[in-house]
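[1] Predicted model, plus sequence, below.
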Protein chains: 2
Amino acid sequence: MSRVVNLGHADQYGVRQGLITSNANQAVKRIRALGARKERERSGLTWAEGIRLVLGALDAGAELDTLVVSPELLTSATALQRVAAAERRGVPVLLVSAGVFQGLSRKAGPQGLGAVLRPRWIQLSDVVVGERGGWLALVEPQDPGNVGTILRTADAAGVAGVLLVGSSVDPYDLVALRASTGAAFTVPLSRCSWDELSTWAARSGVALVGAAGRANNDYRTVTYPKRLALVMGSEREGLSEEQRDACDLLVSIPMKGTVDSLNLAVATGVLLYEIFHQRRG
Amino acid sequence: MSRVVNLGHADQYGVRQGLITSNANQAVKRIRALGARKERERSGLTWAEGIRLVLGALDAGAELDTLVVSPELLTSATALQRVAAAERRGVPVLLVSAGVFQGLSRKAGPQGLGAVLRPRWIQLSDVVVGERGGWLALVEPQDPGNVGTILRTADAAGVAGVLLVGSSVDPYDLVALRASTGAAFTVPLSRCSWDELSTWAARSGVALVGAAGRANNDYRTVTYPKRLALVMGSEREGLSEEQRDACDLLVSIPMKGTVDSLNLAVATGVLLYEIFHQRRG
(Lines give C-alpha, C1' and ligand atoms only; values in the text may rest on other atoms or scores of the structure.)
Protein backbone atom coordinates (compact mmCIF):
# COMPACT_ATOMS: atom_id res chain seq x y z
CA MET A 1 0.00 0.00 0.00
CA SER A 2 1.94 3.02 -1.21
CA ARG A 3 1.01 6.64 -0.59
CA VAL A 4 1.79 9.86 -2.36
CA VAL A 5 4.03 11.65 0.06
CA ASN A 6 5.49 15.12 0.08
CA LEU A 7 9.11 14.62 1.04
CA GLY A 8 9.90 18.28 0.35
CA HIS A 9 10.71 19.25 3.92
CA ALA A 10 12.88 16.27 4.62
CA ASP A 11 14.76 16.53 1.31
CA GLN A 12 15.58 20.14 1.81
CA TYR A 13 17.49 19.39 4.99
CA GLY A 14 19.25 16.36 3.62
CA VAL A 15 17.35 13.72 5.52
CA ARG A 16 17.76 10.43 3.68
CA GLN A 17 15.13 8.92 1.40
CA GLY A 18 13.05 5.77 1.87
CA LEU A 19 9.66 5.91 3.50
CA ILE A 20 8.04 3.17 5.56
CA THR A 21 4.31 3.02 4.88
CA SER A 22 3.38 -0.24 6.60
CA ASN A 23 2.60 -0.80 10.25
CA ALA A 24 3.82 -4.37 9.78
CA ASN A 25 7.38 -3.20 9.10
CA GLN A 26 9.77 -4.90 11.55
CA ALA A 27 11.43 -1.68 12.75
CA VAL A 28 8.00 -0.12 13.32
CA LYS A 29 6.77 -3.16 15.23
CA ARG A 30 9.89 -3.07 17.40
CA ILE A 31 9.19 0.56 18.31
CA ARG A 32 5.51 -0.06 18.98
CA ALA A 33 6.48 -2.84 21.40
CA LEU A 34 8.25 -0.23 23.57
CA GLY A 35 4.82 0.84 24.79
CA ALA A 36 5.11 -2.09 27.21
CA ARG A 37 7.38 -1.67 30.21
CA LYS A 38 8.53 -5.28 29.94
CA GLU A 39 9.89 -4.68 26.46
CA ARG A 40 11.55 -1.40 27.54
CA GLU A 41 13.34 -3.26 30.32
CA ARG A 42 14.32 -6.18 28.09
CA SER A 43 15.73 -3.96 25.35
CA GLY A 44 17.03 -1.10 27.49
CA LEU A 45 15.31 1.29 25.07
CA THR A 46 12.43 3.72 25.32
CA TRP A 47 10.26 5.82 22.99
CA ALA A 48 9.95 9.59 23.23
CA GLU A 49 7.93 11.82 20.93
CA GLY A 50 7.20 15.46 20.27
CA ILE A 51 9.54 18.20 19.09
CA ARG A 52 10.19 19.63 22.53
CA LEU A 53 10.94 16.31 24.19
CA VAL A 54 13.13 14.91 21.40
CA LEU A 55 15.14 18.10 20.94
CA GLY A 56 15.50 18.22 24.73
CA ALA A 57 16.93 14.70 24.62
CA LEU A 58 19.35 15.78 21.86
CA ASP A 59 20.38 18.83 23.91
CA ALA A 60 20.99 16.64 26.94
CA GLY A 61 23.23 14.32 24.94
CA ALA A 62 20.91 11.35 25.42
CA GLU A 63 22.04 8.16 23.71
CA LEU A 64 19.97 7.81 20.53
CA ASP A 65 19.16 4.50 18.95
CA THR A 66 17.02 5.88 16.09
CA LEU A 67 15.20 9.09 15.18
CA VAL A 68 11.76 8.63 13.64
CA VAL A 69 10.43 11.29 11.29
CA SER A 70 7.20 11.62 9.37
CA PRO A 71 8.01 14.16 6.63
CA GLU A 72 4.28 14.74 6.09
CA LEU A 73 3.82 15.77 9.71
CA LEU A 74 7.11 17.37 10.70
CA THR A 75 7.27 20.89 9.30
CA SER A 76 9.45 22.67 11.90
CA ALA A 77 12.62 23.81 10.12
CA THR A 78 14.55 23.77 13.38
CA ALA A 79 13.53 20.20 14.09
CA LEU A 80 14.40 19.06 10.55
CA GLN A 81 17.80 20.73 10.76
CA ARG A 82 18.51 18.99 14.06
CA VAL A 83 17.46 15.65 12.57
CA ALA A 84 19.78 16.19 9.59
CA ALA A 85 22.65 17.15 11.89
CA ALA A 86 22.10 14.04 14.00
CA GLU A 87 22.04 11.89 10.87
CA ARG A 88 25.37 13.37 9.80
CA ARG A 89 26.76 12.29 13.18
CA GLY A 90 25.65 8.75 12.37
CA VAL A 91 22.28 8.52 14.12
CA PRO A 92 19.94 6.26 12.09
CA VAL A 93 16.83 8.09 10.87
CA LEU A 94 13.66 6.18 10.03
CA LEU A 95 11.27 7.96 7.67
CA VAL A 96 7.67 6.85 8.09
CA SER A 97 4.33 7.85 6.60
CA ALA A 98 1.90 9.95 8.62
CA GLY A 99 -0.27 6.86 9.08
CA VAL A 100 2.61 4.84 10.50
CA PHE A 101 3.65 7.69 12.78
CA GLN A 102 0.12 8.03 14.09
CA GLY A 103 0.20 4.30 14.85
CA LEU A 104 3.35 4.81 16.94
CA SER A 105 2.19 8.00 18.59
CA ARG A 106 0.42 8.13 21.90
CA LYS A 107 -0.67 11.75 21.70
CA ALA A 108 -3.33 13.68 19.79
CA GLY A 109 -2.03 15.69 16.84
CA PRO A 110 1.44 14.11 16.63
CA GLN A 111 4.20 16.41 15.38
CA GLY A 112 5.96 13.72 13.36
CA LEU A 113 9.16 13.52 15.42
CA GLY A 114 10.03 10.65 17.70
CA ALA A 115 13.12 8.97 19.07
CA VAL A 116 14.15 5.57 20.31
CA LEU A 117 16.53 6.26 23.17
CA ARG A 118 18.74 4.27 25.47
CA PRO A 119 18.18 5.63 28.99
CA ARG A 120 21.30 5.90 31.09
CA TRP A 121 20.98 4.35 34.54
CA ILE A 122 23.76 5.08 36.96
CA GLN A 123 24.92 2.39 39.39
CA LEU A 124 24.59 3.47 43.00
CA SER A 125 27.90 1.76 43.76
CA ASP A 126 29.58 4.07 41.22
CA VAL A 127 28.16 7.25 42.72
CA VAL A 128 30.70 9.56 44.29
CA VAL A 129 28.97 12.01 46.61
CA GLY A 130 30.28 15.56 46.53
CA GLU A 131 30.93 17.72 49.58
CA ARG A 132 27.43 19.18 49.31
CA GLY A 133 25.62 16.44 47.44
CA GLY A 134 21.86 16.82 47.63
CA TRP A 135 20.06 13.68 46.48
CA LEU A 136 16.45 12.66 46.26
CA ALA A 137 15.15 9.15 46.93
CA LEU A 138 11.62 8.22 45.89
CA VAL A 139 10.37 5.07 47.60
CA GLU A 140 8.01 3.08 45.38
CA PRO A 141 6.33 6.01 43.61
CA GLN A 142 3.30 4.73 41.66
CA ASP A 143 2.21 7.64 39.49
CA PRO A 144 4.27 8.31 36.34
CA GLY A 145 2.98 11.90 36.15
CA ASN A 146 4.24 12.52 39.69
CA VAL A 147 7.65 11.02 38.93
CA GLY A 148 8.05 13.15 35.79
CA THR A 149 6.94 16.29 37.60
CA ILE A 150 9.40 15.55 40.42
CA LEU A 151 12.27 15.08 37.94
CA ARG A 152 11.39 18.48 36.46
CA THR A 153 11.57 20.01 39.95
CA ALA A 154 14.76 18.11 40.80
CA ASP A 155 16.45 19.54 37.70
CA ALA A 156 15.37 23.08 38.64
CA ALA A 157 16.42 22.73 42.29
CA GLY A 158 19.88 21.40 41.43
CA VAL A 159 19.45 17.89 42.80
CA ALA A 160 22.55 15.73 42.21
CA GLY A 161 20.52 12.68 41.25
CA VAL A 162 17.28 10.80 41.86
CA LEU A 163 17.21 7.30 43.31
CA LEU A 164 14.14 5.18 42.60
CA VAL A 165 13.81 2.78 45.51
CA GLY A 166 11.95 -0.53 45.28
CA SER A 167 9.08 -1.12 42.86
CA SER A 168 8.85 2.27 41.22
CA VAL A 169 7.00 3.23 38.04
CA ASP A 170 9.24 3.60 35.01
CA PRO A 171 10.55 7.19 34.73
CA TYR A 172 10.95 6.56 30.97
CA ASP A 173 7.28 5.76 30.55
CA LEU A 174 5.98 8.33 28.02
CA VAL A 175 3.67 9.96 30.59
CA ALA A 176 6.60 10.44 32.99
CA LEU A 177 8.91 11.65 30.21
CA ARG A 178 6.41 14.29 29.13
CA ALA A 179 5.73 15.48 32.68
CA SER A 180 9.51 15.77 33.16
CA THR A 181 9.70 18.12 30.13
CA GLY A 182 12.99 16.40 29.35
CA ALA A 183 14.49 16.39 32.84
CA ALA A 184 14.51 12.57 32.74
CA PHE A 185 17.44 12.99 30.32
CA THR A 186 19.35 15.54 32.41
CA VAL A 187 18.95 14.36 36.00
CA PRO A 188 21.10 11.31 36.86
CA LEU A 189 18.83 8.37 37.70
CA SER A 190 19.47 5.20 39.61
CA ARG A 191 17.40 2.23 40.77
CA CYS A 192 18.08 0.47 44.03
CA SER A 193 16.53 -1.43 46.91
CA TRP A 194 15.97 0.12 50.33
CA ASP A 195 18.92 -1.88 51.68
CA GLU A 196 21.19 -0.61 48.91
CA LEU A 197 20.08 2.94 49.69
CA SER A 198 20.90 2.47 53.41
CA THR A 199 24.28 0.92 52.69
CA TRP A 200 25.22 3.62 50.18
CA ALA A 201 24.14 6.42 52.55
CA ALA A 202 26.11 4.99 55.47
CA ARG A 203 29.21 4.40 53.32
CA SER A 204 29.04 7.87 51.71
CA GLY A 205 28.23 9.88 54.82
CA VAL A 206 24.86 10.85 53.37
CA ALA A 207 22.16 11.71 55.92
CA LEU A 208 18.72 10.29 55.10
CA VAL A 209 16.11 13.01 55.64
CA GLY A 210 12.66 11.45 55.54
CA ALA A 211 9.38 13.27 55.00
CA ALA A 212 6.65 12.16 57.39
CA GLY A 213 3.24 13.58 58.17
CA ARG A 214 3.69 13.63 61.93
CA ALA A 215 7.40 14.27 62.35
CA ASN A 216 8.48 16.56 65.19
CA ASN A 217 10.66 18.75 63.01
CA ASP A 218 8.97 21.45 60.99
CA TYR A 219 10.77 21.46 57.63
CA ARG A 220 11.47 25.20 57.96
CA THR A 221 13.22 25.00 61.33
CA VAL A 222 15.80 22.41 60.30
CA THR A 223 19.37 23.13 59.20
CA TYR A 224 19.86 20.51 56.53
CA PRO A 225 23.03 18.39 56.50
CA LYS A 226 25.53 19.09 53.72
CA ARG A 227 25.37 15.61 52.31
CA LEU A 228 21.83 14.36 52.27
CA ALA A 229 19.20 12.38 50.48
CA LEU A 230 15.63 13.60 50.91
CA VAL A 231 13.52 10.44 51.19
CA MET A 232 9.89 10.57 50.04
CA GLY A 233 7.47 7.67 50.55
CA SER A 234 4.88 6.51 48.05
CA GLU A 235 1.66 8.41 47.26
CA ARG A 236 -0.57 6.12 49.29
CA GLU A 237 1.64 4.73 52.00
CA GLY A 238 4.31 7.30 52.73
CA LEU A 239 7.35 5.81 54.49
CA SER A 240 6.90 2.68 56.60
CA GLU A 241 7.71 2.79 60.30
CA GLU A 242 10.88 0.81 59.61
CA GLN A 243 11.94 3.26 56.91
CA ARG A 244 11.21 6.25 59.15
CA ASP A 245 13.31 4.65 61.88
CA ALA A 246 16.19 4.23 59.45
CA CYS A 247 16.22 7.95 58.60
CA ASP A 248 18.68 10.27 60.35
CA LEU A 249 16.11 13.03 60.49
CA LEU A 250 12.38 13.32 59.86
CA VAL A 251 10.70 16.52 58.72
CA SER A 252 7.08 17.45 58.20
CA ILE A 253 5.23 20.16 56.31
CA PRO A 254 2.62 21.93 58.44
CA MET A 255 -0.94 21.79 57.17
CA LYS A 256 -3.73 24.09 58.26
CA GLY A 257 -6.84 22.78 56.51
CA THR A 258 -8.85 19.58 56.34
CA VAL A 259 -6.95 17.49 53.78
CA ASP A 260 -4.60 15.02 55.40
CA SER A 261 -1.65 15.20 53.02
CA LEU A 262 -0.17 17.08 50.09
CA ASN A 263 0.28 15.70 46.61
CA LEU A 264 3.65 13.89 46.42
CA ALA A 265 5.10 16.16 43.73
CA VAL A 266 4.01 19.30 45.60
CA ALA A 267 5.42 18.08 48.94
CA THR A 268 8.69 17.13 47.24
CA GLY A 269 8.83 20.57 45.59
CA VAL A 270 8.27 22.43 48.85
CA LEU A 271 11.00 20.41 50.62
CA LEU A 272 13.53 20.49 47.76
CA TYR A 273 13.15 24.25 47.48
CA GLU A 274 13.76 24.73 51.20
CA ILE A 275 16.92 22.63 50.94
CA PHE A 276 17.96 24.43 47.73
CA HIS A 277 17.43 27.80 49.44
CA GLN A 278 19.69 26.88 52.35
CA ARG A 279 22.38 25.71 49.94
CA ARG A 280 22.39 28.75 47.72
CA GLY A 281 22.32 31.11 50.73
CA MET B 1 -34.01 -7.05 32.94
CA SER B 2 -34.05 -7.86 36.64
CA ARG B 3 -31.10 -9.08 38.66
CA VAL B 4 -30.82 -11.03 41.87
CA VAL B 5 -29.36 -8.52 44.26
CA ASN B 6 -28.10 -8.84 47.80
CA LEU B 7 -29.58 -5.87 49.63
CA GLY B 8 -28.26 -7.12 52.95
CA HIS B 9 -25.79 -4.33 53.61
CA ALA B 10 -28.16 -1.55 52.69
CA ASP B 11 -31.08 -3.04 54.65
CA GLN B 12 -29.08 -3.40 57.79
CA TYR B 13 -28.38 0.34 57.90
CA GLY B 14 -31.92 1.33 57.00
CA VAL B 15 -31.28 2.59 53.52
CA ARG B 16 -34.59 2.57 51.64
CA GLN B 17 -35.65 -0.16 49.22
CA GLY B 18 -36.14 0.06 45.48
CA LEU B 19 -33.33 -0.73 43.10
CA ILE B 20 -32.77 0.78 39.67
CA THR B 21 -31.47 -1.85 37.27
CA SER B 22 -31.80 -0.02 33.94
CA ASN B 23 -29.34 2.43 32.40
CA ALA B 24 -32.32 3.98 30.63
CA ASN B 25 -33.85 5.16 33.92
CA GLN B 26 -34.40 8.95 33.78
CA ALA B 27 -32.58 9.71 37.03
CA VAL B 28 -29.63 7.61 35.90
CA LYS B 29 -29.53 9.32 32.51
CA ARG B 30 -29.61 12.73 34.21
CA ILE B 31 -26.57 11.77 36.32
CA ARG B 32 -24.69 10.33 33.35
CA ALA B 33 -25.20 13.63 31.51
CA LEU B 34 -23.14 15.37 34.23
CA GLY B 35 -20.05 13.92 32.58
CA ALA B 36 -20.31 16.88 30.18
CA ARG B 37 -19.24 20.28 31.46
CA LYS B 38 -22.08 21.97 29.56
CA GLU B 39 -24.66 19.98 31.50
CA ARG B 40 -22.86 20.64 34.80
CA GLU B 41 -23.02 24.36 34.13
CA ARG B 42 -26.65 24.27 32.97
CA SER B 43 -27.83 22.31 36.00
CA GLY B 44 -25.44 23.69 38.59
CA LEU B 45 -24.77 20.10 39.66
CA THR B 46 -21.77 17.78 39.57
CA TRP B 47 -21.02 14.09 40.11
CA ALA B 48 -18.51 12.81 42.66
CA GLU B 49 -17.73 9.18 43.39
CA GLY B 50 -15.67 7.04 45.72
CA ILE B 51 -16.01 6.62 49.48
CA ARG B 52 -13.26 9.06 50.39
CA LEU B 53 -14.48 11.84 48.11
CA VAL B 54 -18.19 11.51 48.97
CA LEU B 55 -17.61 11.26 52.73
CA GLY B 56 -15.26 14.25 52.40
CA ALA B 57 -18.08 16.19 50.74
CA LEU B 58 -20.44 15.18 53.57
CA ASP B 59 -17.86 16.26 56.16
CA ALA B 60 -17.44 19.60 54.40
CA GLY B 61 -21.20 20.20 54.47
CA ALA B 62 -21.46 20.21 50.68
CA GLU B 63 -24.99 20.67 49.35
CA LEU B 64 -26.22 17.24 48.30
CA ASP B 65 -28.79 16.69 45.58
CA THR B 66 -28.76 12.88 45.69
CA LEU B 67 -26.62 10.08 47.04
CA VAL B 68 -26.19 7.09 44.74
CA VAL B 69 -25.51 3.68 46.25
CA SER B 70 -24.99 0.26 44.73
CA PRO B 71 -25.68 -2.14 47.61
CA GLU B 72 -23.88 -4.91 45.71
CA LEU B 73 -20.69 -2.85 45.57
CA LEU B 74 -20.75 -0.75 48.73
CA THR B 75 -19.69 -2.87 51.67
CA SER B 76 -18.07 -0.28 53.95
CA ALA B 77 -20.11 -0.15 57.16
CA THR B 78 -18.96 3.42 57.83
CA ALA B 79 -20.07 4.55 54.40
CA LEU B 80 -23.46 2.81 54.71
CA GLN B 81 -24.02 4.38 58.13
CA ARG B 82 -23.25 7.83 56.72
CA VAL B 83 -25.64 7.23 53.83
CA ALA B 84 -28.40 6.18 56.22
CA ALA B 85 -27.77 9.24 58.41
CA ALA B 86 -27.92 11.53 55.37
CA GLU B 87 -31.17 9.91 54.28
CA ARG B 88 -32.65 10.54 57.74
CA ARG B 89 -31.77 14.22 57.26
CA GLY B 90 -33.79 14.17 54.04
CA VAL B 91 -31.13 13.59 51.39
CA PRO B 92 -32.60 11.49 48.53
CA VAL B 93 -30.81 8.16 48.10
CA LEU B 94 -30.88 6.34 44.78
CA LEU B 95 -30.22 2.59 44.94
CA VAL B 96 -28.83 1.20 41.73
CA SER B 97 -27.56 -2.18 40.55
CA ALA B 98 -23.83 -2.81 40.20
CA GLY B 99 -24.24 -2.67 36.42
CA VAL B 100 -25.93 0.73 36.54
CA PHE B 101 -23.31 2.07 38.95
CA GLN B 102 -20.51 0.86 36.68
CA GLY B 103 -22.21 2.74 33.84
CA LEU B 104 -22.12 5.94 35.90
CA SER B 105 -18.61 5.41 37.24
CA ARG B 106 -15.50 6.78 35.63
CA LYS B 107 -13.02 4.78 37.64
CA ALA B 108 -11.83 1.19 37.65
CA GLY B 109 -13.23 -0.94 40.50
CA PRO B 110 -15.99 1.47 41.61
CA GLN B 111 -16.83 1.37 45.33
CA GLY B 112 -20.56 1.80 44.81
CA LEU B 113 -20.91 5.24 46.39
CA GLY B 114 -21.53 8.41 44.43
CA ALA B 115 -23.14 11.79 44.96
CA VAL B 116 -24.81 14.45 42.89
CA LEU B 117 -23.72 17.72 44.47
CA ARG B 118 -24.49 21.39 44.02
CA PRO B 119 -21.12 23.20 44.08
CA ARG B 120 -21.13 26.48 45.95
CA TRP B 121 -19.62 29.36 44.01
CA ILE B 122 -18.99 32.53 45.95
CA GLN B 123 -19.54 35.90 44.28
CA LEU B 124 -16.41 38.02 44.23
CA SER B 125 -18.53 41.10 44.98
CA ASP B 126 -19.67 39.42 48.22
CA VAL B 127 -16.15 38.63 49.40
CA VAL B 128 -15.02 40.49 52.48
CA VAL B 129 -11.25 40.38 52.77
CA GLY B 130 -9.89 39.88 56.25
CA GLU B 131 -6.96 41.80 57.75
CA ARG B 132 -4.56 39.09 56.62
CA GLY B 133 -6.49 37.56 53.74
CA GLY B 134 -4.30 35.38 51.54
CA TRP B 135 -6.00 34.53 48.25
CA LEU B 136 -4.97 32.61 45.19
CA ALA B 137 -5.95 33.53 41.63
CA LEU B 138 -5.43 31.01 38.83
CA VAL B 139 -5.54 32.61 35.39
CA GLU B 140 -6.99 30.27 32.76
CA PRO B 141 -5.62 26.99 34.14
CA GLN B 142 -6.14 24.22 31.58
CA ASP B 143 -5.30 21.00 33.40
CA PRO B 144 -7.97 19.64 35.79
CA GLY B 145 -5.36 17.55 37.64
CA ASN B 146 -3.32 20.69 38.31
CA VAL B 147 -6.37 22.61 39.54
CA GLY B 148 -7.37 19.81 41.91
CA THR B 149 -3.81 19.44 43.22
CA ILE B 150 -3.63 23.21 43.77
CA LEU B 151 -6.92 23.20 45.72
CA ARG B 152 -5.46 20.46 47.93
CA THR B 153 -2.39 22.62 48.58
CA ALA B 154 -4.52 25.75 49.08
CA ASP B 155 -6.52 23.97 51.77
CA ALA B 156 -3.32 22.85 53.52
CA ALA B 157 -1.67 26.28 53.31
CA GLY B 158 -4.70 28.09 54.73
CA VAL B 159 -5.65 30.04 51.60
CA ALA B 160 -8.82 32.13 52.13
CA GLY B 161 -10.21 31.26 48.70
CA VAL B 162 -9.32 30.45 45.12
CA LEU B 163 -10.38 32.67 42.22
CA LEU B 164 -10.57 31.06 38.78
CA VAL B 165 -9.92 33.83 36.29
CA GLY B 166 -11.09 33.69 32.67
CA SER B 167 -11.59 30.43 30.78
CA SER B 168 -10.56 27.94 33.44
CA VAL B 169 -11.16 24.21 33.49
CA ASP B 170 -14.00 23.13 35.75
CA PRO B 171 -12.75 22.47 39.31
CA TYR B 172 -15.76 20.15 39.76
CA ASP B 173 -14.68 17.96 36.86
CA LEU B 174 -14.19 14.47 38.36
CA VAL B 175 -10.43 14.48 37.63
CA ALA B 176 -10.05 17.80 39.46
CA LEU B 177 -12.28 16.67 42.34
CA ARG B 178 -10.21 13.54 42.85
CA ALA B 179 -6.89 15.38 42.69
CA SER B 180 -8.26 17.83 45.27
CA THR B 181 -8.94 14.90 47.66
CA GLY B 182 -12.08 16.80 48.64
CA ALA B 183 -10.56 20.28 49.02
CA ALA B 184 -12.86 21.48 46.21
CA PHE B 185 -15.62 21.26 48.84
CA THR B 186 -13.72 23.06 51.61
CA VAL B 187 -11.87 25.90 49.85
CA PRO B 188 -14.14 28.82 48.84
CA LEU B 189 -14.18 29.09 45.04
CA SER B 190 -15.11 31.95 42.78
CA ARG B 191 -15.08 32.59 39.04
CA CYS B 192 -14.31 36.00 37.61
CA SER B 193 -12.80 37.86 34.68
CA TRP B 194 -9.40 39.55 34.87
CA ASP B 195 -11.14 42.94 35.08
CA GLU B 196 -13.31 41.79 37.96
CA LEU B 197 -10.18 40.53 39.74
CA SER B 198 -8.45 43.90 39.27
CA THR B 199 -11.47 45.88 40.44
CA TRP B 200 -11.98 43.66 43.48
CA ALA B 201 -8.30 43.84 44.44
CA ALA B 202 -8.20 47.63 44.15
CA ARG B 203 -11.44 48.05 46.12
CA SER B 204 -10.40 45.59 48.85
CA GLY B 205 -6.81 46.74 49.26
CA VAL B 206 -5.54 43.38 48.06
CA ALA B 207 -2.05 43.39 46.49
CA LEU B 208 -1.73 41.27 43.36
CA VAL B 209 1.48 39.23 43.60
CA GLY B 210 2.21 37.69 40.21
CA ALA B 211 4.52 34.76 39.52
CA ALA B 212 6.76 35.31 36.51
CA GLY B 213 9.77 33.42 35.22
CA ARG B 214 12.02 36.45 34.88
CA ALA B 215 10.85 38.72 37.68
CA ASN B 216 13.49 40.66 39.59
CA ASN B 217 12.28 39.59 43.01
CA ASP B 218 13.37 36.22 44.27
CA TYR B 219 10.31 34.76 46.03
CA ARG B 220 12.37 34.17 49.19
CA THR B 221 13.59 37.75 49.58
CA VAL B 222 10.13 39.37 49.52
CA THR B 223 8.08 40.39 52.57
CA TYR B 224 4.59 39.56 51.42
CA PRO B 225 1.78 42.11 51.91
CA LYS B 226 -0.82 41.26 54.54
CA ARG B 227 -3.70 41.29 52.11
CA LEU B 228 -2.70 39.61 48.90
CA ALA B 229 -3.74 37.42 46.03
CA LEU B 230 -1.01 35.26 44.54
CA VAL B 231 -1.64 35.30 40.78
CA MET B 232 -0.53 32.30 38.73
CA GLY B 233 -0.69 32.23 34.92
CA SER B 234 -1.71 29.26 32.81
CA GLU B 235 0.44 26.17 32.27
CA ARG B 236 1.54 27.13 28.77
CA GLU B 237 1.41 30.89 28.70
CA GLY B 238 2.06 32.14 32.21
CA LEU B 239 0.85 35.69 32.77
CA SER B 240 0.59 38.05 29.79
CA GLU B 241 2.67 41.24 29.74
CA GLU B 242 -0.48 43.23 30.46
CA GLN B 243 -1.33 41.02 33.42
CA ARG B 244 2.22 41.24 34.77
CA ASP B 245 2.05 45.04 34.49
CA ALA B 246 -1.20 45.04 36.45
CA CYS B 247 0.41 43.21 39.38
CA ASP B 248 1.68 45.13 42.39
CA LEU B 249 4.64 42.82 42.75
CA LEU B 250 6.23 40.08 40.67
CA VAL B 251 8.17 37.19 42.13
CA SER B 252 10.15 34.39 40.57
CA ILE B 253 11.41 31.01 41.71
CA PRO B 254 15.11 30.49 40.94
CA MET B 255 15.96 27.51 38.76
CA LYS B 256 19.36 25.92 38.47
CA GLY B 257 19.01 23.27 35.78
CA THR B 258 18.00 23.05 32.15
CA VAL B 259 14.19 22.96 32.29
CA ASP B 260 12.63 26.35 31.69
CA SER B 261 9.75 26.24 34.15
CA LEU B 262 8.24 24.30 37.01
CA ASN B 263 4.94 22.44 36.88
CA LEU B 264 2.12 24.88 37.76
CA ALA B 265 0.98 22.95 40.85
CA VAL B 266 4.56 22.66 42.14
CA ALA B 267 5.33 26.35 41.57
CA THR B 268 2.07 27.32 43.30
CA GLY B 269 2.94 25.03 46.22
CA VAL B 270 6.42 26.50 46.66
CA LEU B 271 5.05 30.07 46.63
CA LEU B 272 1.99 29.39 48.82
CA TYR B 273 4.18 27.71 51.43
CA GLU B 274 6.59 30.66 51.52
CA ILE B 275 3.64 33.01 52.06
CA PHE B 276 2.11 30.63 54.62
CA HIS B 277 5.42 30.45 56.46
CA GLN B 278 5.69 34.23 56.74
CA ARG B 279 2.12 34.42 58.04
CA ARG B 280 2.44 31.76 60.69
CA GLY B 281 5.83 33.14 61.87
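    Happy to help now that I have it. Numbering: from 1, shown residues only, chains lettered A, B, ... in the order given.

[2] alpha carbons only for contacts and neighbour counts from here, please
    Will do.

[3] who in chain A is up against chain B?
    By CA under 8 Å from any CA of the partner chain, the residues of chain A that approach chain B are A:149, A:152-153, A:155-158, A:181-183, A:186, A:254-259, A:261-263, A:265-267, A:269-270, A:273.

[4] For the residues you listed, which ChimeraX command selects only the ones that are buried?
    Of these, the buried ones can be selected in ChimeraX as follows, counting by 16 or more other CA atoms under 10 Å in any protein chain shown:
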select /A:149,152,153,155,156,157,158,181,182,183,186,254,255,257,258,259,261,262,263,265,266,267,269,270,273
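
[5] Check the residue in the stretch 1-150 of chain A positioned nearest to chain B and give its pLDDT.
    Closest approach between the stretch 1-150 of chain A and chain B, counting by CA to the nearest CA: A:Thr149, at 6.5 Å. Looking at A:Thr149, its pLDDT stands at 98.

[6] How about the secondary structure of it?
    Three-state assignment for A:Thr149 (DSSP: H, G, I helix; E, B strand; the rest coil): helix.

[7] In terms of helices and strands, where is A:Arg152?
    helix A:144-156 (DSSP states H and E).

[8] Could you name the helices and strands sitting against that helix?
    For helix A:144-156, the packing partners by 3 or more CA pairs under 8 Å, 6 or more residues apart in numbering or on different chains; DSSP states H and E come out as strand A:161-165, helix A:174-179, helix A:264-280.

[9] Pick out the shakiest of the ones you listed, pLDDT-wise.
    Among those, helix A:174-179 carries the lowest mean pLDDT, at a mean of 93.

[10] what's that helix packed up against?
    Applying 3+ CA pairs under 8 Å, 6+ apart, we find helix A:174-179 packed against strand A:46-49, helix A:144-156.

[11] need the contact list for the residue of the stretch 51-200 of chain A found nearest chain B.
    As assessed by CA to the nearest CA, chain B sits closest to A:Ala156 within the stretch 51-200 of chain A, at 4.5 Å. Contacts of A:Ala156 were listed using CA atoms under 8 Å, 6 or more residues apart in numbering or on different chains, and they are B:254-259, B:261-262.

[12] same for chain A: which of the residues you listed are within range?
    Taking CA under 8 Å from any CA, the overlap between these and the neighbourhood of chain A is B:254-259, B:261-262.

[13] ok, of those, which one's closest to B:Trp135?
    B:Leu262 (20.8 Å; CA to CA).

[14] how would you label the closest one: helix, strand or coil?
    Strictly by three-state DSSP, B:Leu262 counts as coil.

[15] ok so, going back, quick one: which of the contacts of A:Ala156 is nearest B:Arg42?
    For those, the minimum distance to B:Arg42 (CA to CA) is 35.1 Å, reached by B:Leu262.

[16] so what's that closest one closest to, chain neighbours aside?
    Nearest in space to B:Leu262, with sequence neighbours left out and distances taken as CA to CA, 6 or more residues apart in numbering or on different chains, is A:Thr153 at 6.2 Å.

[17] Pull the contacting residues for that neighbour.
    By CA under 8 Å, 6+ apart, A:Thr153 lies in contact with A:269, B:262-263, B:266.

[18] hang on, the earlier thing: residue contacts, the residue of the stretch 1-150 of chain A closest to chain B?
    A:176, A:179-180, A:265, B:263.

[19] Please repeat the previous calculation with a cut-off of 10 Å.
    A:Thr149 makes contacts with A:175-181, A:183-184, A:264-266, A:268-269, B:262-266, as judged by CA atoms under 10 Å, 6 or more residues apart in numbering or on different chains.

[20] Next one: it relative to B:Leu264, how far apart?
    Separation of A:Thr149 from B:Leu264 (CA to CA, to the nearest Å): 10 Å.

[21] intersection of neighbour lists for these two?
    A:Val266.
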